[in-house]
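Trainee: no sequence on this one, just coordinates:
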């Protein structure tokens, strides 16, 4: 005989969701390094990589990733176009912005466009896995 009814709809006991990730950076070296780092995170099922705006948009539309790591310095300010598309109404994709350095104006603009995290990709690279773990934990 059960003393307490089973918990229904309680996400506390639900396993973390498996996530798809898209890395967008014009530097192939950064893309590869991020890919290696992310491959060690247990709940990531797929990692897609793009080094240009066109490639990024095609991969985003084809895969609908849960998480996007986006270099904010793509040529011709295309990073902002991608960010706007990703964070369109109804989108649940989380975006981690990677910048060469912290810039308050760029940071505020990314916040206004819906970015979830903003990191300096050279001095804060080690913070990326913790941000992804936080996203996975909150979406489980």
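Mentor: Yes, it's here. All values derive from a computational prediction rather than experimental measurement.

Trainee: Could you list the low-pLDDT ranges of this structure?
Mentor: 1-16, 140 (pLDDT under 70).

Trainee: where along it do the helices fall?
Mentor: Across the chain, reading from the start of the chain, the helices by DSSP state H fall at 28-38, 53-63, 78-86, 104-112, 128-139.

Trainee: Minimum distance to residue 18: which of these has it?
Mentor: Comparison of the helices of the chain against residue 18 by C-beta to C-beta identifies helix 128-139 as nearest, at 8.7 Å. Where C-beta positions appear, they are placed from N, C-alpha and C, glycine not excepted.

Trainee: and the closest one, how far out from the chain's middle?
Mentor: Relative to the mean C-alpha coordinate of its chain, helix 128-139 is positioned 9 Å out (C-alpha atoms, centre = their mean, to the nearest Å).

Trainee: what helices or strands is that helix leaning on?
Mentor: Of the remaining helices and strands, those touching helix 128-139 by 3 or more C-beta pairs under 8 Å, 6 or more residues apart in numbering; DSSP states H and E are strand 19-24, helix 28-38, strand 67-71, strand 94-99, strand 117-120.

Trainee: Deepest in the core, which of these is it.
Mentor: Looking across the helices and strands packed on helix 128-139 with neighbours counted as mean count of other C-beta atoms under 10 Å, the highest average goes to strand 67-71: a mean of 26.

Trainee: roughly how far apart are residue 84 and residue 77?
Mentor: With distances defined as C-beta to C-beta, to the nearest Å, the gap from residue 84 to residue 77 amounts to 11 Å.

Trainee: now residue 88
Mentor: Looking at residue 88 against residue 77, where the rule is C-beta to C-beta, the gap reads 18 Å.

Trainee: What of residue 25?
Mentor: If you go by C-beta to C-beta, the gap between residue 25 and residue 77 works out to 15 Å.
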